[in-house]
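Visitor: Dropping the sequence and predicted coords here.
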Amino acid sequence: MNHHRAGRLLSAYMDAELPAKEAREVQEHLLDCEACREAHDRLRATRDLLAGLPPAEPPAELWAAIRQPVLRGRLAAAVPDVRPQGLVERLRAASWSLGRERWFPVRRPGWVFAAVVVVLALAALPLVKGTVDRLHASEIGVDLYVHDHAVQMGAAPLVDRAYLGLVAGDAELVMAGENPRAAGGRTR
Amino acid sequence: MSEAAATMAIMAPPEAVQAPSYTAEELARYDGIVQRYTRHVYNIAYRMTGNEADARDLSQEAFLRVYRALRRVQPGAPLESWLYRIVSNLYIDLLRRRPRVRVESLDAPIDTPRGEMVREFPDAAANPEAVFEREHIDGAIQEALGTLSAELRMVVILSDIEGFAYEEIAAMLRVPLGTVKSRLHRARQVLQQRLRPYVDARRRGWQA
Amino acid sequence: MRLAPNALTGALVLAITGAALAAPPAPPVKSAPAQAAPAAPAPSARAILNMALDAPRLIDYEGTKIITALRNGQMETVTVAESHKRPNLLRLEYLSPEDVAGRVIVDDGAVAEHYEPALNMLFEDRSIQDTGGPANLTLLNRNYDVVLLGTDEVIGRQAYVLSLTPHGTGVQRQLWVDRLTGTVLRSEDRDASRGLVLATYFSRISFSLNLPPAYFRYRPPAGARIVELQREAAGTLSLAQVQRQVGFPVLVPPALPEGYTFRGGSVSRFGSLVSAYLRYSDGGNIISFFEAPAGSIGWPTIGIPVRVQSQPGRFIDLGYFRVLIWEQGGLRITSVGTAPSDTLMLVAGQFVAGREQALVSDVSRRATADPAVVRQLRSEGLTFPEITRTLAISHALGTNIETTVRFVHGTLSVSDLAAQLRMEPDALRAAVRRAVDAASMTPALPSSPPATVPTGSSTP
């Protein structure tokens, strides 16, 4: 077996996909040829890199969209519930085993702060200029931070200011104790 | 509104799938196919297209075909060949339909393919550099894959990422065994060149 | 879109289309007639970027802008009347949808006033126009590929189409820069996992030279409630200063995606809530960390519960921005940014793993540096990978740590440092790259150091 031919067969040799006779010939060549041993090693490393890639996780929406015919049907009850059981189970890193669904559709959160609404209804909090009592601060922590972050994004050049103003403005409403904007409609 | 229905309402595909009124058993069979193959289909579609949005579209379209042809599918029959060939063909259609602005580079990795899943981060012991290096490697590999032609890319994905044997790949893609061999070898050589530093690092790791 | 042939540089651009989301309304685009070739060759991408950055100082404009952004899992469309007077007066009046109509924001570069008519409330806040100084531009150029895609026509005006693609994890931005004035007429932001997350464009715009300054002042009607939010400039304190002011131990992120560096901190005060704020930027995007004593804030009810290592946390997807909250060691930590959820989880996981001391030893051993130096760099906000890189670069170039840190932070650009070292910028880039590659490509450290590594020396 000459050097060129062996070189072309290295991949197949590495994958154990050569017929016995050819494999032996390549093997004998490798014993004598450092260049081919190098090449074989590099191929092996390349293959390992690819094999080491974690599987790309399908996004939640894909599951829903693909299973749609099943979910739509009234016969959904007859289909085994694929949603995993508990929180920990749900969140464990997905294994590659077939048939075990580890995924559940992510609930797209709205900016509806149910708890805030309850708090406001129960204890009409007076808003004094510049100060907010402790209970209220505990409910709007996220908006405060999103607001600050949006303002800070102004430091990144060429981010749209009108958009940042929208986000910061929306957050300020909640920070001041008002209802947030729901998507597409007047809330107040 | 149930959680599933709410999610669907957000992401329902524009054209409704007119159900060729399937029985409960047939729907269950379809669901079984979905459970078994979705991850693989998506993974292949993702590695072929290099981005989530296209991978999602391709996967959806592929399963739409399955759904429509359900009655022609033998229960329990292995569907890999058929499914993955569909993905491959859909991808080629996508390329034809959509001219992309593409200029070659060595320096711009593609963002990592992690989906929206929020999950427990498994590897506390990983040192901080390795943590993002993984994302880096992933991006670099995906970019390198992107420089291959569709035929080469498909073969290396099926072989090295999905683990199929040469014979199986030949059957799936309907090409001679020799073609699989030569395409795979060529693909690996290109990848090895483009991923030189990672390949070298890996080899050093063996020697350490 | 016609591609200017000599403007294509060697950068990869993927036109990622957010096919899964409803397409936003796009401005009318006409392809330029074939015979109207530009008289002169197109400027470089960098030059166009600079033009866009300089434009606010040079021109006034007023126009109607359409914003389409991902929110609550859907694309929401907002219309706003936007006016700008050089150098930094901004007025935004939101026109639709109904629940934001009438909101007015005026910003003079220092203070922003936001009036909400339905509530008759005026909020006084920090300006959203802080451009963060030249360091941001250095970082932007370092961490993003800036490519000229070609020219396009937007609302009857010729525009250069610029693409900013991050090397690492971040937002890919496409900008349509007006040829005449440098104003951004249209923009699209894309995120790796979701495609298009933000699209904006002017449906009409006029460039006048003389908008009256009074237009940019806002006087609220009588009886308006005034809420004063913080007004001090944020993100300008060092970590040590923040630490001193808040009085609780402030944790530094052990690792972040490449390119993000500490750009300053501040103390956020809202009522009795005091939080430490750390800003990490890659020049085009920001990841923020807010730290407050656990128990000073409740858990929000939106979002989904997650586990960061074994700690409970919460992940909230707000569309463009994402939030990950968790607690550790008596601290509540909130990270906010436009990044894949996995990235935020990875970052949080590194915090919670709590391997600060072990990593300090690790890094100092690998870089043959004094652990005290490593600890000092940590207290300046550097992540461990940054420290490794800093030490490697300092070692390779012979620069002292302080200079190297300024370089890593982007305060010192490649050309500045090259001039200092009397090197060609390209040679400097190559040397830096070699040093960084060598440092980061080392396989994981075995349990005992290899015999060849010299012990005990610290870096110059």
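Guide: Yes, it's here.

Visitor: Quick check: which element contains the closest residue to C:E424 other than its chain neighbours?
Guide: Among residues not flanking C:E424 along the chain, C:A418 sits closest, at 6.4 Å (C-beta to C-beta, 6 or more residues apart in numbering or on different chains). Bear in mind the C-beta positions are built from the backbone N, C-alpha and C, glycine included. Element membership of C:A418, judged by DSSP states H and E, is helix C:414-421.

Visitor: and what of B:L191?
Guide: Going by DSSP H and E, B:L191 is in helix B:177-194.

Visitor: so does that helix get close to chain A?
Guide: Yes - Helix B:177-194 lies within reach of chain A by C-beta under 8 Å from any C-beta of the partner chain, at B:K181, B:S182, B:L184, B:H185, B:R188, B:Q189, B:L191, B:Q192.

Visitor: Give me the contacts around stretch C:324-333.
Guide: With C-beta atoms under 8 Å, 6 or more residues apart in numbering or on different chains as the test, stretch C:324-333 has contacts from A:141-142, C:248-249, C:251, C:289-297, C:299-300, C:303, C:306, C:308, C:311-316, C:334-335, C:341, C:344-345, C:347-348, C:351-352, C:354.

Visitor: what's near enough to touch the residue most central in space within chain B?
Guide: In chain B, the C-alpha closest to the average C-alpha coordinate belongs to B:I44, at a distance of 1.5 Å (C-alpha atoms, centre = their mean). By C-beta under 8 Å, 6+ apart, the contact set of B:I44 is B:Y84, B:V87, B:I157, B:L158, B:I161, B:E162.

Visitor: same deal with A:V26?
Guide: Contact analysis of A:V26 by C-beta under 8 Å, 6+ apart lists A:M1, A:A6, A:L9, A:L10, A:Y13, A:L18.

Visitor: Tell me the one among those residues nearest to C:R422.
Guide: C:R422 lies nearest to A:L10 out of the contacts of A:V26, by C-beta to C-beta, at 47.7 Å.

Visitor: Surely the closest one and A:C36 touch.
Guide: Yes - between A:L10 and A:C36 there is a contact at 6.7 Å, judged by C-beta atoms under 8 Å.

Visitor: Counting neighbours around each, name which of the two comes out higher.
Guide: A direct count of neighbours by other C-beta atoms under 10 Å in any protein chain shown for A:L10 and A:C36 places A:L10 higher, at 24 against 19.

Visitor: Give me the nearest residue to that one, chain neighbours excluded.
Guide: In space, A:L10 is closest to A:H40, 5.2 Å off (C-beta to C-beta, 6+ apart).

Visitor: what does the helix holding B:L191 contact?
Guide: Outside helix B:177-194, the residues within contact range by C-beta under 8 Å, 6+ apart are A:8-12, A:17, A:42-43, A:45-47, A:49-50, B:106, B:141, B:143-145, B:147-148, B:151-153, B:155-156, B:159-160, B:166-167, B:169-170, B:173, B:199.

Visitor: Quick one, which of these are buried?
Guide: Buried subset of the contacts of helix B:177-194 (neighbour count, 16 or more other C-beta atoms under 10 Å in any protein chain shown): A:9-12, A:17, A:42-43, A:45-47, A:49-50, B:141, B:143-145, B:147-148, B:151-153, B:155-156, B:159-160, B:166, B:169-170, B:173, B:199.
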